[in-house]
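**Q** Coordinates for the following, if possible.
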Amino acid sequence: MADQNRPIVVKRVKKGAHGAHGGSWKVAYADFMTAMMAFFLLMWILQTATKEQKAGIAQYFTTGTIMDSSTVGGETILTGGMETLETTEAAQAMPFAGFDGSNEFPELSPQRERLLQQEKDMFDRARIALEEAMQSDPALMELNDSLVISQTKEGMQIQLIDLLNHSIFRSGSDELTPNGFRLTGMLARVLQKMPHSMVIEGHTDAVPYTGKKDYSNWELSSDRALAFRRTLIKLGIKENKITRVIGKSSTEPYVKSDPKAPQNRRISVTLVSFALQEEEKKEEKAKNK
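**A** Alright, predicted model coming up:
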């Protein structure tokens, strides 16, 4: 009788769902398909890209950043002191976007059209390198409006322009300010990679110079252009690449509506176009005949 009153216990075993019915494999599969789609998209882009585009992609992924805050200066500039030449020279060896790891350009083709296309590519790469250099350094970002790059009939023109609170040279002097030296150091790194000859021009505003007797804006603009040339050479630019140094006083104002504006005080460097160099050589040969 005791066995008949004993309660009956029923054990129900719950079987867990098979792993295949979970969601984790779907996430992994989605990641895999995304990676494969990206891979095939990359293959398609590389198949349709031109040689120049492929070279640009390769340069972007191999060179990394242009320069950091230590490349053309460092703490000395940020604290108001003048950076040392050794610091700038050490930074010149660092790679930056726009140029490949060899820091050299390929041998130029003798064909004129191809030569001019290669030159255009060089100018574009130099522009990118300069613009990214300005953005990569917080101290240089404040001077962004001081760098003006333009294309002229002579070639590529790069100008370092005075701003109201940021001068390239000390007032009435041919001595570079810390900001001016910083910009010059950054510019020298790019100019070193360019095979073009250069023309340097010094410009002043229309305010008469009164610091010395028998000394005017003509002398000041010439002295500043020469001082800029000496600095570039110290920073590694070859002397024979600088073919002309000119002082233009206030004859070519940057702000034509206001000849006394601070922006008129500037240094310009023109990378002379290969086409113009070719024409000059032909003219010289014709004169010598």
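
**Q** What helices and strands are in contact with the helix or strand harbouring residue 28?
**A** According to DSSP states H and E, residue 28 maps onto helix 24-48. Using 3 or more Cβ pairs under 8 Å, 6 or more residues apart in numbering; DSSP states H and E as the contact test, no helix or strand touches helix 24-48. For every residue, glycine as well, the C-beta is placed using N, CA and C.

**Q** average model confidence for it?
**A** For helix 24-48, the mean pLDDT works out to 81.

**Q** And for stretch 178-197?
**A** Stretch 178-197 comes out at a mean pLDDT of 93.

**Q** For that stretch, buried residues please.
**A** 178-194, 196-197 (16 or more other Cβ atoms under 10 Å).

**Q** With only the CA atoms kept, save that stretch in CSV.
**A** Taking Å, rounded to 0.1, in the frame of the first residue of the first chain, the C-alpha atoms of stretch 178-197 are listed here in CSV:
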residue,chain,number,x,y,z
PRO,A,178,60.4,81.9,-36.5
ASN,A,179,57.2,81.6,-38.6
GLY,A,180,59.0,82.5,-41.7
PHE,A,181,61.8,80.0,-41.0
ARG,A,182,59.3,77.3,-40.3
LEU,A,183,57.5,77.9,-43.6
THR,A,184,60.8,78.0,-45.4
GLY,A,185,61.9,74.7,-43.9
MET,A,186,58.7,73.0,-44.9
LEU,A,187,59.0,74.4,-48.4
ALA,A,188,62.6,73.3,-48.8
ARG,A,189,61.6,69.7,-48.2
VAL,A,190,59.3,69.7,-51.2
LEU,A,191,61.6,71.8,-53.4
GLN,A,192,64.4,69.3,-52.9
LYS,A,193,62.3,66.7,-54.7
MET,A,194,61.6,68.9,-57.7
PRO,A,195,64.0,68.8,-60.8
HIS,A,196,63.0,72.3,-61.9
SER,A,197,65.0,75.5,-61.8
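
**Q** contacting residues around stretch 221-236?
**A** If you take Cβ atoms under 8 Å, 6 or more residues apart in numbering as the criterion, stretch 221-236 is touched by 85, 88-89, 92, 169, 174-176, 181, 184-185, 187-189, 191-192, 200-204, 239, 242, 245-249, 267.

**Q** Show me where the protein has its helices.
**A** With DSSP state H as the criterion, the chain has helices at 24-48, 51-63, 75-78, 85-91, 112-136, 138-141, 178-191, 217-234, 274-288.

**Q** Please identify the most buried of the ones you listed.
**A** Stretch with highest mean neighbour count among the helices of the chain: helix 178-191 (a mean of 23; mean count of other Cβ atoms under 10 Å).

**Q** Now do the nearest residue to residue 158 once chain neighbours are set aside: how many residues are near it, please.
**A** Distances taken as Cβ to Cβ, 6 or more residues apart in numbering place residue 269 nearest to residue 158, at 4.8 Å, with adjacent residues excluded. Residue 269 has 22 neighbouring residues, counting by other Cβ atoms under 10 Å.

**Q** just checking, residue 135 touches residue 143?
**A** No - the criterion here is Cβ atoms under 8 Å, and residue 135 misses it with residue 143 at 11.4 Å.

**Q** Across the sheet, point out what pairs with residue 169.
**A** residue 176 (DSSP bridges).

**Q** so residue 147 makes contact with residue 157?
**A** No - with contact defined as Cβ under 8 Å, residue 147 does not count as touching residue 157 (11.4 Å).

**Q** which sections of the stretch 101-250 of the chain are below the confidence cut-off?
**A** Applying pLDDT under 70 to the stretch 101-250 of the chain picks out residues 101-111.

**Q** Residue 282 and residue 196: what is the separation?
**A** 18 Å (Cβ to Cβ, to the nearest Å).

**Q** Could you measure from residue 246 over to residue 145?
**A** Distance from residue 246 to residue 145, by Cβ to Cβ: 24 Å.
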